[in-house]
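K.L.:
coords please:
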Amino acid sequence: MPDLPPPEELRSLDILAGDYAGISAQAVAFLSQPSAFDIRPCGVPAFLQTKPGTPVSHVWIRFRGSVPTDPVVRRGVLAYLSDYALLSASLIPHGVNMFEHSMQTASLDHAMWFHDDVPLDDWLLYTSESAWSGHGRGIARGVFHSRDGRAIAHVTQEGLIRMRPDLAPRTTIPHMP
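P.N.:
This is a model prediction of the structure:
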């Protein structure tokens with residue numbers, strides 16, 4: 001598990017919305033919407049990055065409210081969460097922001113492997129990284145760690161990531177060097 005600041009030292013997405021008030025109304029609306037999850041990114045959220053960088057994202061996630069006791073439901077919740085910001089890591093090397101560039105994204109293939117019980121009653125660290133992105137597609141993988149460092153689940157996804165041709169001059173993300 002990466003050595004990162006604990007979630008108590010980070011701000012949640014709804015609080016981060018104020019940082020983007022003068023930049024993107026869409027980003028503020030997205031960050032401000034009510035959620036069943038408290039999500040605290042380590043650094044700039046992957047989907048809001050505007051400068052090219054290393055295609056890695058780290059977020060702490062915790063379920064708000066009453067935690068389901070059924071282990072199958074807990075796995076279902078984690079499967080739902082696994083789609084959060086996974087493909088966004090594929091945009092980081094290109095300096096493309098989801099809200100500034102009219103992006104069209106969609107999951108093409110998504111697989112998940114569970115290794116342990118899902119502790120939704122505490123913080124989980126979700127690390128995602130992109131192995132490759134270009135020509136309108138991206139491949140990303142992620143891992144959920146419990147707060148004590150256990151790998152809870154791994155996920156891999158291939159997805160569509162391209163500029164919407166009706167709103168942007170470029171139609172695909174160029175090949176990464």
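K.L.:
Low-confidence stretches in the chain?
P.N.:
The model of the chain has pLDDT under 70 over residues 100-101, 165-177.
K.L.:
hey, where'd the strands end up in it?
P.N.:
37-41, 56-63, 103-114, 124-134, 137-146, 151-163 (DSSP state E).
K.L.:
what is residue 159 paired to in the beta sheet?
P.N.:
Counting by DSSP bridges, residue 159 is bridged to residue 107, residue 138.
K.L.:
Surely it is in contact with residue 138?
P.N.:
Yes - contact status for residue 159 versus residue 138: in contact at 5.6 Å, counting by Cβ atoms under 8 Å. Where C-beta positions appear, they are placed from N, C-alpha and C, glycine not excepted.
K.L.:
for the protein, longest helix please?
P.N.:
Identified as the longest helix of the chain according to DSSP state H is helix 71-81.
K.L.:
circling back: and residue 159 and residue 138? which has more neighbours close in?
P.N.:
Neighbour count, other Cβ atoms under 10 Å: between residue 159 and residue 138, residue 138 has more, with 29 against 21.
K.L.:
so how far is residue 1 from that one?
P.N.:
Applying Cβ to Cβ, to the nearest Å, the value for residue 138 to residue 1 is 24 Å.
K.L.:
Residue 54 too?
P.N.:
For residue 54 relative to residue 1 (Cβ to Cβ), the value is 18 Å.
K.L.:
Compare these two and say which is more crowded by neighbours.
P.N.:
Per other Cβ under 10 Å, whichever of residue 54 and residue 1 has more neighbours is residue 1, with 14 against 10.
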